[in-house]
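Novice: After the sequence you'll find the predicted model.
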Amino acid sequence: MAHGQEAVLEIATNLIVRGSPAVAGAGRGERTIPPVLILVGPGGSGKTTALGELDRKLADQPHVRLDAPAAGPDGPPSVLDLLTTVMFELVRHGPRRWRFPRFLVGRLVTEAELDDGNVAEATRQVRQVLGRVDSATLADQISAMMTLLPETTGVPDAAEAAKQVVPPLIEGITRTRWGRRVTLLAGHDWYGHRDRGRERDPITELVALNRLRRHGGEEGQAEVDRTITAAFLADVRHAARRGTTVDPVVLLDAADTESGLEFLRALEAVRYAPGGDYPHDHLTVIATSNGPLVDWLGIGADEAPGGDPAAVERVRTGRLEITGPWLPLALRDLTEPEMLALAEEIGIPHQHRHRVVRVLRGLTRGHPGGTALLMRAALKVGPDVAYPEDLLTASMAVPERPPHDRTRTRTKPAADLLVDMFLAHLPKALRDDLTTCAAARDRDEAGVIAGSRMIGTSFEEQEPLFSTTYWAPREPGGAPVMHPLLRLLLLRNLAARPADAADSWRAVFGLLADRAEHEEDRMHHRFAGGEVPAVVEWLTTLLRERDGRQWLALVRSLAHCPIPPPGARSACAGQPEDELTGAITAVLTAWQVSTDPVAIGRRADKHAVVCTEMPLVAHRARNDHSEFVSIAVQHRESVRRWLDLHQDEGLGNAE
């Protein structure tokens with residue numbers, strides 16, 4: 001079940017059934033061309049789950065669900081390969097309705113070996129190919145095209161499935177003329193008019209496309225792709241008019257590939273060509289992206305809501321008008337009630353659900369995939385006693401796609417599986433560099449690290465380090481940041497590096513401190529790097545210079561710094577601390593541990609330290625005494641909450 005994605009699924013359903021929500025100029029009941037819905041989010045955010053839910057809801061309605069094929073040993077698949085896959089699936093599930101004569105004629109002729117030097121001879125060859133067809137040869141051509149397709153959902157043996165698909169395709173693409181001669185003339189006429197009122201010779205147009213594909217370079221190939229995409233859409237339109245069900249739907253998962261991008265570009269070019277005025281093509285496309293697709297398509301903030309999760313609700317309720325070809329919507333993390341519903345679905349016993357959700361809330365921030373994985377780890381470790389460190393180190397089965405050896409089960413620590421979830425397909429060298437960049441609070445600071453000698457990849461290879469796959473705003477107008485769960489996981493790996501490494505924890509945070517332009521930023525990185533005495537000395541001075549409210553805000557910000565690994569913190573000076581310095585040190589370091597989502601076992605004690613030491617700090621502050629009292633009360637309440645959690649462990653009566 002797609003927990004937390006009800007609004008997105010409602011928008012997708014409206015696109016499928018009625019067209020675009022809130023389209024400018026659309027009258028009541030008017031069916032408009034829907035924008036391409038792009039579900040955006042990091043790995044594990046629920047994009048594939050949402051597509052699966054749509055797949056289930058569509059049932060026997062005409063639709064295709066597939067992964068956008070990635071590059072293989074022979075290079076990236078073409079746009080036409082992807083369209084052939086869609087054709088393959090539609091025909092396989094509805095051979096009486098779906099035929100695609102225009103698309104197949106265009107693909108077969110443009111890929112044929114024609115005379116390069118003599119246009120007249122090439123024209124004669126095309127007329128011969130179209131006018132007299134050997135059915136066995138045509139079947140072999142189409143079968144070869146099918147068996148080269150990337151693996152599609154539910155089709156483990158493309159060669160066997162092709163045997164079922166080829167006969168109806170041949171029947172739809174050919175027709176019998178006088179003398180019972182089989183021809184390909186059923187689909188070629190479209191190339192003369194292209195649904196735009198043209199009156200051109202279709203044979204000449206097909207010859208021109210063939211030569212453009214062979215000699216036109218990248219621009220020529222793109223023009224051929226756009227033309228045959230238009231032919232494909234014409235076939236879809238023709239078949240959809242004859243049906244009584246919803247328009248066909250393409251659910252394109254992982255569209256951050258060359259073929260996925262080029263397919264969407266071709267779709268836009270056909271639908272929105274200047275002066276094109278194509279009739280509605282009756283195809284709804286819903287794609288998923290980790291983020292880069294939005295940038296690659298050149299979608300500006302003024303064209304679509306982009307990465308703002310709050311925009312989903314505005315689109316759903318019609319308060320945000322969609323007028324362009326794209327509708328990117330960011331998937332949000334789960335709320336606490338949604339995490340509880342997920343815990344029930346996974347099988348966490350009722351008496352332990354609140355405990356597990358409280359343990360995981362700060363750790364995963366509601367990241368759907370990470371929350372689900374660690375809840376399964378909790379079932380394995382024991383939901384009544386497991387702490388975050390237990391969950392992250394739990395040995396879990398590695399999910400594998402079939403076919404695989406069912407007699408062997410590979411396992412990994414849950415933390416490694418979570419990193420794989422976020423960084424799928426990212427090479428090790430870039431993973432190592434992204435781990436180094438995890439010290440940065442936002443993408444701008446990551447650029448500071450990437451410009452140093454701590455990064456192992458070359459300048460030309462560094463684009464993924466700044467990808468929206470890993471850096472995206474967490475709030476409207478905010479700076480692009482890592483998802484908190486991903487940053488936590490990568491910081492754990494950074495902390496595991498040798499202390500004397502050039503890219504060690506202290507070295508990276510030291511670099512950020514040296515490059516910081518403002519004192520507060522510099523102290524943030526010095527504290528994260530372990531320089532506690534220097535930061536406490538600075539805070540002690542500021543306590544007498546700044547308003548209490550400002551000083552507490554600064555301490556709160558520092559308290560959310562990542563905790564350095566053992567051995568990274570600077571040793572204190574030899575002289576004994578004075579009373580105020582000791583109190584500020586205790587408040588700062590205890591507050592920091594109390595915010596650490598992994599250190600849950602020590603939270604009650606650390607909140608108590610803050611509450612105990614705060615009065616002395618408050619008495620030395622310039623003003624705003626009530627603010628210090630309020631902070632102390634908040635920490636006292638937190639002591640009670642975390643003590644309740646520990647008391648409930650193993651008793652079956654969690655909060």
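Specialist: Perfect, I can see it now.
Novice: Low-confidence ranges, the stretch 251-400 of the chain, go.
Specialist: Applying pLDDT under 70 to the stretch 251-400 of the chain flags the ranges 275-279, 300-310, 317-323, 400.
Novice: Next: the stretch 1-150 of the chain.
Specialist: The low-confidence ranges in the stretch 1-150 of the chain, as defined by pLDDT under 70, are 1, 19-32, 69-76, 132-138, 141, 143-150.
Novice: same deal with the stretch 451-600 of the chain?
Specialist: Along the stretch 451-600 of the chain, segments meeting pLDDT under 70 span 570-576.
Novice: was I right about residue 116 contacting residue 214?
Specialist: Yes: contact status for residue 116 versus residue 214: in contact at 7.4 Å, counting by CB atoms under 8 Å. From N, CA and C alone the C-beta is placed, and that goes for glycine too.
Novice: Neighbour count for these two, which is higher?
Specialist: Neighbour tally, residue 116 and residue 214, criterion other CB atoms under 10 Å: the higher count belongs to residue 214, 15 against 12.
Novice: In which helix or strand does that one reside?
Specialist: helix 202-215 (DSSP states H and E).
Novice: And the strands in the stretch 251-400 of the chain?
Specialist: 284-289, 326-330, 395-397 (DSSP state E, counting those that start in this stretch).
Novice: Among these, single out whichever gets nearest to residue 17.
Specialist: Among the strands of the stretch 251-400 of the chain, strand 284-289 comes nearest to residue 17, with 9.2 Å by CB to CB.
Novice: what about the closest one, distance to the chain center?
Specialist: Strand 284-289 sits 12 Å away from the centroid of its parent chain (CA atoms, centre = their mean, to the nearest Å).
Novice: before we move on, what about stretch 593-606?
Specialist: 31 Å.
Novice: before we move on, back to that, are there helices or strands packed against the helix holding residue 214, and which ones?
Specialist: Counting contacts by 3 or more CB pairs under 8 Å, 6 or more residues apart in numbering; DSSP states H and E, helix 202-215 is packed against helix 101-110, helix 119-131, helix 185-188, helix 190-193, helix 217-241.
Novice: what mean pLDDT does the third one have?
Specialist: By that I understand helix 185-188. For helix 185-188, the mean per-residue pLDDT is 74.
Novice: Which stretches in the stretch 51-200 of the chain count as strands?
Specialist: Under the criterion DSSP E, counting those that start in this stretch, strands of the stretch 51-200 of the chain are mapped to 63-67, 175-177, 181-183.
Novice: ok, residue 483 - how many residues close by?
Specialist: Number of residues near residue 483 (other CB under 10 Å) recorded here: 23.
Novice: try residue 581
Specialist: Residue 581 has 16 nearby residues by other CB under 10 Å.
Novice: Quick check on it: phi, psi?
Specialist: The phi/psi pair for residue 581 (degrees, to the nearest 10) reads phi -60, psi -40.
Novice: What's the separation between it and residue 68?
Specialist: 58 Å (CB to CB, to the nearest Å).
Novice: Likewise for residue 416?
Specialist: 26 Å.
Novice: higher neighbour count, the two?
Specialist: Using other CB under 10 Å as the criterion, residue 416 and residue 68 rank with residue 68 on top: 25 against 17.
Novice: Skip the chain neighbours and tell me the closest residue to that one.
Specialist: Closest residue in space to residue 68, ignoring its immediate chain neighbours: residue 260 at 3.3 Å, by CB to CB, 6 or more residues apart in numbering.
Novice: The one you found against residue 252, yeah?
Specialist: Yes: at 6.2 Å, residue 260 and residue 252 qualify as touching, with contact defined as CB under 8 Å.
Novice: Between these two, which contacts overlap?
Specialist: Counting by CB atoms under 8 Å, 6 or more residues apart in numbering, the shared contacts of residue 260 and residue 252 are 68, 287.
Novice: number of nearby residues for the nearest residue to residue 442 once chain neighbours are set aside?
Specialist: Spatial nearest neighbour of residue 442, excluding adjacent residues (CB to CB, 6+ apart): residue 479 at 4.1 Å. For residue 479, the count of nearby residues is 14 (other CB under 10 Å).
Novice: One more: residue 474?
Specialist: Neighbourhood size, residue 474 [other CB under 10 Å]: 17.
Novice: quick one: the residue nearest the centre of the chain and residue 425, what's the gap?
Specialist: Nearest residue to the geometric centre of the chain (CA atoms, centre = their mean): residue 290, 2.3 Å. Using CB to CB, we find residue 290 at a distance of 10 Å from residue 425.
Novice: Please name the residues that touch residue 220.
Specialist: Contacts for residue 220 were tallied using CB under 8 Å, 6+ apart; they are 212-213.
Novice: and it, how far is that from residue 569?
Specialist: 62 Å.
Novice: where along the stretch 551-655 of the chain do the helices fall?
Specialist: Listed in chain order, the helices of the stretch 551-655 of the chain (DSSP state H, counting those that start in this stretch) span residues 579-594, 603-620, 625-648.
Novice: and residue 246, how many residues sit next to it?
Specialist: Residue 246 has 17 nearby residues by other CB under 10 Å.
Novice: Just the element for it, please.
Specialist: With DSSP H and E as criterion, residue 246 is part of no helix or strand.
Novice: ok, it touching residue 18?
Specialist: No: in this structure, residue 246 is not within contact of residue 18 by CB under 8 Å, at 9.6 Å.
Novice: what's the pLDDT at residue 624?
Specialist: Looking at residue 624, the pLDDT reads 92.
Novice: Over to the one 4 residues further on?
Specialist: Among the per-residue scores, residue 628 shows a pLDDT of 95.
Novice: show me what contacts it?
Specialist: By CB under 8 Å, 6+ apart, the contact list for residue 628 reads 548, 552, 614-615, 617-618, 621.
Novice: how about a markdown table for the residues you listed, with distance to residue 7 added?
Specialist: Below are the contacts of residue 628 laid out as a markdown table (distance: CB to CB, whole Å):
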| residue | distance to residue 7 |
| --- | --- |
| 548 | 42 |
| 552 | 37 |
| 614 | 42 |
| 615 | 47 |
| 617 | 45 |
| 618 | 45 |
| 621 | 45 |
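Novice: which of those has the most neighbours?
Specialist: The most crowded member of the contacts of residue 628 is residue 617, carrying 25 neighbours; neighbours defined as other CB under 10 Å.
Novice: What residue, apart from its backbone neighbours, is nearest it spatially?
Specialist: The nearest residue in space to residue 617 (CB to CB, 6+ apart) is residue 583, at 5.2 Å.
Novice: I'd like to know how many residues surround the one you found.
Specialist: 23.
Novice: Hmm, it is touching residue 621, no?
Specialist: No: using CB under 8 Å, residue 583 makes no contact with residue 621, being 11.4 Å away.
Novice: winner for burial among the helices and strands packed on helix 202-215?
Specialist: helix 101-110 (a mean of 25; mean count of other CB atoms under 10 Å).
Novice: That one - contacts with which helices or strands?
Specialist: When contacts are defined as 3+ CB pairs under 8 Å, 6+ apart, helix 101-110 sits against helix 79-93, helix 119-131, helix 135-147, helix 158-173, helix 185-188, helix 190-193, helix 202-215, helix 217-241.
Novice: now the longest one and helix 202-215, what's the angle there?
Specialist: Spelled out, that is helix 217-241. 140 degrees (axes from the mean of the first three to the mean of the last three CA atoms, to 10 degrees).
Novice: wait, what's in contact with the residue nearest to residue 68?
Specialist: Residue 260 touches 68, 82, 252, 254, 287, 293, counting by CB under 8 Å, 6+ apart.
Novice: Surely the fourth one and residue 288 touch.
Specialist: Read that as residue 254. Yes: taking CB under 8 Å as the definition, residue 254 is a contact partner of residue 288 at 6.3 Å.
Novice: contacting residues for the nearest residue to residue 376 once chain neighbours are set aside?
Specialist: Counting by CB to CB, 6+ apart, residue 376 lies nearest to residue 346, which is 6.2 Å off, once chain neighbours are set aside. Counting by CB under 8 Å, 6+ apart, residue 346 touches 372, 375-376, 379.
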